[in-house]
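*Asks:* Below are the sequence and a predicted model for it; my questions follow.
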Amino acid sequence: MTDDYDITVSVASDIGCQRTNNEDAARSVLPGDPDVRRRKGVLVVVADGMGGHSAGEVASHLAVDVIHRAYYDDGGGPTLADALLRANEAIYEMAQRDRALAGMGTTCTALVVRGGQAECAHVGDTRLYLVRQDQIYRMTEDHSEVRSLVAHGLLSAEEAQHHAERNVILRALGTHPTVDVSTWNEPFPIRAGDRFVLSSDGLHDLVEDEEIKALALAEQGQAACEAMVALAKSRGGRDNITVALVNIAPPGGSGAGSVRETRTVQVRQ
């Protein structure tokens, strides 16, 4: 329990229908130590790698691993944004040492829930949604070419959703020595009943926001994640598909104690 809430995290990741390997990675960390949980909270990360061959898979898994270790490092008490910057450095340095990994990178969205509040750090076009009551809110803005066109009034949001170049991203972890990490100006107050959804573009390219909301509200935890993945696959599953669902419940209402402290997604072939 974090303050007056029980928090559970469910994750599903699938190779999709057309890829030969899964370049997505995800991790949820629910510290067993009450003091660590109070100070640092619950961490959820989704990353979508790129770079060809196995390089994208290397980048995404390195990202979630470094972010996990860096964020909970007691030495310097790093922020969530600091953890993503450390991941950027680690990926870039590995790519410089190994020519086979040159150019690899990963998008990444990380969420922390602690003290009745949520914090987010974000690079690329993985997304964070909030489902509250009967509404869904997109809590991150894609760092993509089409989103830039929308911001400049050259493309509508509806046109951007299905644009041929919607997956051309402007920022990623590891492709350059430094990166701008987007964060919220201040922590976001949570409420009992809130659901956060983190997704790779393999999901939200094929499943509309309203459909994500409906499944997050209709199904419990893991079943909701599996249903979202299944819907994306039914529409062609062109990319790897990863989704994490974070449920905020009143104390005693979710069975949170049964969730393992750390889980890395196991890919179903």
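*Replies:* Arrived safely. Numbers count the residues shown, from 1 in each chain.

*Asks:* going forward, measure contacts between C-alpha atoms and count neighbours the same way
*Replies:* Noted.

*Asks:* right, and residue 95 touches residue 101 too?
*Replies:* Yes. Using CA atoms under 8 Å, residue 95 is in contact with residue 101, at 4.9 Å.

*Asks:* what bits of the chain have low per-residue confidence?
*Replies:* Scanning the chain for pLDDT under 70 picks out 1-3, 52-53, 74-76, 145-168, 253-269.

*Asks:* Give me the phi and psi for residue 224.
*Replies:* phi -60, psi -40 (degrees, to the nearest 10).

*Asks:* Please apply the same query to residue 27.
*Replies:* Torsion angles, degrees, to the nearest 10, at residue 27: phi -150, psi 140.

*Asks:* Relative to residue 171, how far out is residue 130?
*Replies:* Shown here: residue 130 relative to residue 171, a distance of 23 Å by CA to CA, to the nearest Å.

*Asks:* of those two, who's got more company?
*Replies:* residue 171 (23 against 20; other CA atoms under 10 Å).

*Asks:* What is the three-state secondary structure of that one?
*Replies:* coil (DSSP: H, G, I helix; E, B strand; the rest coil).

*Asks:* ok, it to residue 129 distance?
*Replies:* Between residue 171 and residue 129 the distance is 20 Å, computed by CA to CA.

*Asks:* Just to be sure, residue 142 is in a helix?
*Replies:* No. Counting by three-state DSSP, one finds residue 142 to be coil, located in no helix.

*Asks:* Not counting its neighbours along the chain, what's nearest it?
*Replies:* residue 125 (4.4 Å; CA to CA, 6 or more residues apart in numbering).

*Asks:* what helix or strand is that neighbour on?
*Replies:* Assigned by DSSP states H and E, residue 125 falls within no helix or strand.

*Asks:* That one: neighbour count?
*Replies:* 29.

*Asks:* Next, work out how far apart it and residue 48 are.
*Replies:* 9 Å.

*Asks:* Common neighbours of the two, please.
*Replies:* Here residue 125 and residue 48 have 107, 108, 200 as joint contacts, going by CA atoms under 8 Å, 6 or more residues apart in numbering.

*Asks:* any idea how far the first one is from residue 97?
*Replies:* This means residue 107. 21 Å.

*Asks:* for residue 35, same thing?
*Replies:* Distance from residue 35 to residue 97, counting by CA to CA: 38 Å.

*Asks:* got it, and residue 135?
*Replies:* 46 Å.

*Asks:* Is the residue nearest in space to the middle of the chain in a helix, a strand, or coil?
*Replies:* Centroid check for the chain by CA atoms, centre = their mean gives residue 46 as the closest residue, at 3.0 Å. Here residue 46 takes the strand state, with states given by three-state DSSP.

*Asks:* That one contacts residue 199, correct?
*Replies:* Yes. Between residue 46 and residue 199 a contact is recorded at 6.8 Å, counting by CA under 8 Å.

*Asks:* Find the residues that touch each one of these two.
*Replies:* 126, 242, 243, 244.

*Asks:* Let's have those residues in TSV, adding secondary structure and neighbour count.
*Replies:* Listed next are the shared contacts of residue 46 and residue 199 as TSV, based on DSSP: H, G, I helix; E, B strand; the rest coil; neighbours: other CA atoms under 10 Å:
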residue	secondary structure	neighbour count
126	coil	27
242	strand	33
243	strand	31
244	strand	27
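
*Asks:* What is the nearest of these to residue 84?
*Replies:* residue 126 (13.8 Å; CA to CA).

*Asks:* what's the closest non-adjacent residue to the closest one?
*Replies:* residue 200 (4.7 Å).
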